[in-house]
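The sequence and its predicted three-dimensional model are supplied below.
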Amino acid sequence: MDEPDRWRHMTSAPRDGSRILVTVRPSEQGPAEVDLAYWSRADQFGAEGWRASDSSPGRVVEYAEPELKCWMPLPRANPGRASSMPAPWDGEDVPLLDGSGI
């Protein structure tokens, strides 16, 4: 990953459980935002899919595939850089390939 500060299409997101930054699409619940998420295999607490990293047993926050717009790897620690989340990606949206979504 030679360009860590670049948003990428969700189809290329790692599904190995590693934590990544995701842009959550705007909805009636609020504007677009950035969250820390990971791919989880199905378990006793929920189905296979994207989960917010602050999920806990019994309080799983799951994202449906159409809710996530794009992803980027976590930035490396850099003491000289301001410690804030990047802005959500605001570029042109890529249509979903499978036609799902609301």
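Done, it's in.

which stretches of this protein have low pLDDT?
For the chain, the stretches with pLDDT under 70 are 1-4, 78-84, 94-102.

Next up, the contacts around residue 91.
Residues in contact with residue 91, defined by CB atoms under 8 Å, 6 or more residues apart in numbering, are residue 7. C-beta here means a position set from N, CA and C on the backbone, and glycine is covered the same way.

if I look at it, how far off is residue 23?
10 Å (CB to CB, to the nearest Å).

Please apply the same query to residue 14.
From residue 14 to residue 23 the distance is 16 Å (CB to CB).

And for residue 77?
From residue 77 over to residue 23 (counting by CB to CB), the distance is 22 Å.

These two - which one has more neighbours?
Counted by other CB atoms under 10 Å, residue 77 and residue 23 do not tie: residue 23 has more neighbours, with 23 against 7.

isn't residue 36 right next to residue 23, touching?
No: contact criterion CB atoms under 8 Å: residue 36 and residue 23 do not qualify, at 11.8 Å.

Can you work out which residues contact both of residue 91 and residue 23?
Common neighbours of residue 91 and residue 23 (CB under 8 Å, 6+ apart) are residue 7.

so what's the backbone phi/psi at residue 67?
Reported as degrees, to the nearest 10, the phi and psi values for residue 67 are phi -70, psi -20.

To what extent is it buried, counted in neighbours?
17.

just checking, it touches residue 23?
No: look at residue 67 against residue 23 with CB under 8 Å: they stay out of range, at 9.8 Å.

Please tell me how far the residue most central in space within the chain sits from residue 76.
For the chain, the residue nearest the mean C-alpha position is residue 22 (2.5 Å; CA atoms, centre = their mean). From residue 22 across to residue 76, the span is 18 Å (CB to CB).
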